[in-house]
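[1] A structural model of the following input is requested.
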Amino acid sequence: QVQLVESGGGLVQSGGSLRLSCVVSGRTSSTYTMGWFRQAPGKEREFVAAISRGGGTTNYSVSVKDRFTISRDNAKNTLYLQMNSLKPEDTALYYCAARTSYIADAETKYPYWGQGTRVTVSS
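    A predicted model of the protein is given here:
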């Protein structure tokens with residue numbers, strides 16, 4: 001069974017940057033398509049970004065495109081989310097997720113989830 005552990009969240013001012021990490025254990029990360037999702041207070045969880053097993057294909061939500069970058073290092077079994085130009089509306093609990101099939105943006109397609117790391121952006 002795969003385990004996912006996120007880290008890197010914190011408090012940052014508007015316009016700042018953070019890099020989230022997600023360490024995959026239990027199986028090699030190259031087995032999985034990986035995604036980042038987030039859930040803001042009082043809102044549904046939403047798709048942020050996804051990356052294919054080898055890292056050659058990525059997909060982003062419109063709200064983060066050109067500000068966030070998803071990447072992975074399969075040698076380290078680690079997924080990353082570089083977040084730049086952060087806005088207060090990016091405040092949320094950020095989750096990484098994994099699936100064994102092709103890249104997707106629907107959370108229902110991801111069976112494996114981490115516990116989340118909290119990002120707070122102050123104005």
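[2] beta partners for the residue nearest to the spatial centre of the chain?
    Note on the chain: the residue nearest the mean C-alpha position is Trp36, at 2.4 Å, using CA atoms, centre = their mean. Taking DSSP bridges as the rule, Trp36 bridges to Ala49, Cys96.
[3] Next up, the contacts around it.
    Shown in contact with Trp36 (CB atoms under 8 Å, 6 or more residues apart in numbering): 20, 22, 48-50, 70, 79, 81, 94-97. Where C-beta positions appear, they are placed from N, C-alpha and C, glycine not excepted.
[4] Report the buried members of these.
    Neighbour-count burial (16 or more other CB atoms under 10 Å) applied to the contacts of Trp36 gives 20, 22, 48-50, 70, 79, 81, 94-97.
[5] can you count the residues close to Glu46?
    Using other CB atoms under 10 Å, Glu46 has 15 other residues around it.
[6] ok so, going back, and the contacts of Trp36 as TSV, adding distance to Gly114 and pLDDT?
    Converted to TSV, the contacts of Trp36 look like this (distance: CB to CB, whole Å; pLDDT from 0 to 100):
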residue	distance to Gly114	pLDDT
Leu20	10	98
Cys22	6	98
Val48	13	98
Ala49	15	98
Ala50	15	98
Ile70	15	98
Leu79	10	98
Leu81	12	98
Tyr94	9	98
Tyr95	6	98
Cys96	5	98
Ala97	7	98
